[in-house]
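>>> Would you be able to build a 3D model of this:
(one chain, ligands or ions: 2)
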Amino acid sequence: MQTIRMDMREKTDPEMIRKAGEILQRGGLVAFPTETVYGLGGNALDEASSAKIYAAKGRPSDNPLIVHIARLEDLALLVTDIPEKALILAQAFWPGPLTMILPKSPIVPDATTGGLKTVAVRMPSHPAALELIQAAGGYVAAPSANTSGRPSPTTAAHVIEDLDGKIDCIIDGGQVGIGLESTIVDLTGETPEILRPGYISKAMLEEVLGKVTVDKGLTSEDEKVRPRAPGMKYRHYAPKAQMTIVEGEEDDVVRTIRELARKDTAAGLKVGIIAAAESAPKYSEGTVREAGTRSDARTIAVHLYALLREFDEMETDRIYSEAFEEGQLGDAIMNRLLKAAGHHVIRAEKM
Ligand code: TXA
Ligand code: MG
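Numbering: from 1, shown residues only. Ligands and ions are numbered 1, 2, ... in the order given. As a prediction, this is how the structure comes out:
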């Protein structure tokens, strides 16, 4: 299949959007930019389209898709109940990087929700995404537009790397704004629960909702306590290299990574280092990449996946990453880093 590329880096083009919408209406697949990461869109209400999405990504079919909408009034068709808290969240954070889990209505095919009785819904804020969803008829199922298991795409080039020839069309909107997938909140229980941390932090949610819990499966050391979002179980966002996160005081972390990089390099291994802008100049061996500055976590989030992909391309054998401060967006950054590293963390010893 020839994948059509539509260039909308400068501005969204209504004629091209109309064509891409038609492709979706006919059951085809269109990758598109959102403010978080690129999505791989198909008609959410059509079983065959969802099946095509799973096939193109090589994704396990028990891992449900997020349904993207462009207008709040379109939510009612997808769910059997809209709790008050969902309206509060929609008011506060939609359109934006927030996904809500709600009880699904029969119109949503099991193929879209991986057989679950709940459905994930999000209204993205990217203008091209909103226009595409409308042009497609209002309901676009879209996982991240990567091959299953690879880091999510933050540029159209990443999408092409993974899906060229496997999908009908890709809308190039340049680099995304946030770089990490949306926050997922489950609203089907008594207390809202975060199933995947993202740009919308626990503190931001609690400001409008009151108490919010975090899925214990995200942080538990116990193998039996699995994350509740099926997708968080898989070794995801994963680079090909063996990856280690080093935590501790900055000077200790730098010294520890320098020592590890020195040994690996001497053993003939290719080493990649992910560092904050503040400490990057302190490394001399290995390929050093600045993720962003510690004074603004957004600069780290937006570069993270591209760095992991770059290290894959260079066929790096070992990646060492500095740990970043938790709290707010830092929780999402560390969640993705930990997953990429298969939870392999070491503590830098004090001098
Ligand atoms: O930012 C995002 O959310 C991006 C953009 C494209 O919107 N999409 C995205 O989709 O990250 P995906 O498929 O890569 O991740 C969806 C996550 C998976 O972890 C999946 O298991 C979870 O949402 N999920 C979907 N439906 C669910 C449900 N009914 N219950 C629990 N988790 C669900
Ligand atoms: Mg994904």
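>>> Where does the stretch 51-200 of the chain get nearest to ligand 1, which residue?
Scanning the stretch 51-200 of the chain for proximity to ligand 1 using Cβ to the nearest ligand atom identifies residue 143 as nearest, at 2.8 Å. For the C-beta atoms, the positions are set from N, CA and C on the backbone; glycine is no exception.
>>> Give the full set of residues in contact with the closest residue to that residue other than its chain neighbours.
The shortest distance from residue 143 to any residue other than its chain neighbours is 5.3 Å, reached at residue 65 (Cβ to Cβ, 6 or more residues apart in numbering). For residue 65, the contacting residues are 44, 50, 53, 112, 113, 114, 120, 141, 142, 143, by Cβ atoms under 8 Å, 6 or more residues apart in numbering.
>>> With residue 121 instead?
Contacts for residue 121 were tallied using Cβ under 8 Å, 6+ apart; they are 66, 67, 68, 69, 75, 78, 79, 99, 100, 102.
>>> what about it, which SS state?
Three states are possible here, and by DSSP: H, G, I helix; E, B strand; the rest coil the one that applies to residue 121 is strand.
>>> what stretches of the protein score poorly on pLDDT?
For the chain, the stretches flagged by pLDDT under 70 are 234-237.
>>> Which residues of it lie near ligand 1?
Proximity of the chain to ligand 1, by Cβ under 6 Å from any ligand atom, involves residues 34, 36-37, 39, 63-66, 99, 101, 113, 116, 118-120, 122, 124, 142-144, 181-182, 184, 195-196, 229-232.
>>> which of the residues you listed are buried?
Under a neighbour-count criterion of 16 or more other Cβ atoms under 10 Å, the subset of these counted as buried comprises 34, 36-37, 39, 63-66, 99, 101, 113, 116, 118-120, 122, 124, 142-144, 181-182, 184, 195-196, 229-232.
>>> So the residue nearest to residue 143 versus residue 266, what's the distance?
Between residue 65 and residue 266 the distance is 46 Å, computed by Cβ to Cβ, to the nearest Å.
>>> circling back to that earlier point, next, check the contacts of residue 121 against the strands and list the overlap.
Among these, the subset assigned to strands under DSSP state E consists of 66, 67, 68, 99, 100, 102.
>>> Show me which of those is closest to residue 149.
In terms of Cβ to Cβ, no member of the ones in strands among the contacts of residue 121 lies closer to residue 149 than residue 66, at 17.9 Å.
>>> Need the nearest residue in space to that closest one, chain neighbours excluded.
For residue 66, ignoring the flanking residues on the chain, the nearest one in space by Cβ to Cβ, 6+ apart is residue 120 at 4.4 Å.
>>> What residues are bridge-paired with that neighbour?
The bridge-partner assignment for residue 120, based on DSSP bridges, gives residue 66, residue 101.
>>> so the closest residue to ligand 1 within the stretch 101-250 of the chain, which of the three states?
Among the residues of the stretch 101-250 of the chain, residue 231 lies nearest to ligand 1; the distance is 2.1 Å by Cβ to the nearest ligand atom. With three-state DSSP as the basis, residue 231 sits in helix.
>>> Thought residue 66 was touching it, still the case?
No - here residue 231 lies out of contact with residue 66, judged by Cβ atoms under 8 Å, at a distance of 9.6 Å.
>>> Need the residues touching each of the two.
Counting by Cβ under 8 Å, 6+ apart, the contacts common to residue 231 and residue 66 are residue 143.
>>> What ranges does the chain have for its helices?
Listed in chain order, the helices found in the chain under DSSP state H are 14-25, 47-57, 84-93, 110-113, 127-135, 156-163, 202-209, 250-266, 297-313, 329-340.
>>> burial of residue 5, as a residue count?
Taking other Cβ atoms under 10 Å as the criterion, the count of residues near residue 5 is 14.
>>> give the contact list for it.
Taking Cβ under 8 Å, 6+ apart, one finds 156, 160, 169, 170, 172 in contact with residue 5.
>>> Check the burial of the second one by counting its neighbours.
What it means is residue 160. The burial metric for residue 160, expressed as a neighbour count using other Cβ under 10 Å, is 18.
>>> Same check on the fourth one?
Residue crowding around residue 170 was assessed by other Cβ under 10 Å; the count is 26.
>>> Cross-check the contact I'm expecting between it and residue 159.
Yes - look at residue 170 against residue 159 with Cβ under 8 Å: they come within range, at 5.5 Å.
>>> Test my guess that residue 14 contacts residue 131.
Yes - in this structure residue 14 lies within contact range of residue 131 using Cβ under 8 Å: 7.4 Å.
>>> For burial, what's the neighbour tally of the residue nearest to residue 251 when sequence neighbours are not counted?
Residue nearest to residue 251 in three dimensions, not counting chain neighbours: residue 351, with 7.3 Å by Cβ to Cβ, 6+ apart. Residue 351 sits with 7 neighbouring residues when counted by other Cβ under 10 Å.
>>> Alright, that wraps it up for me.
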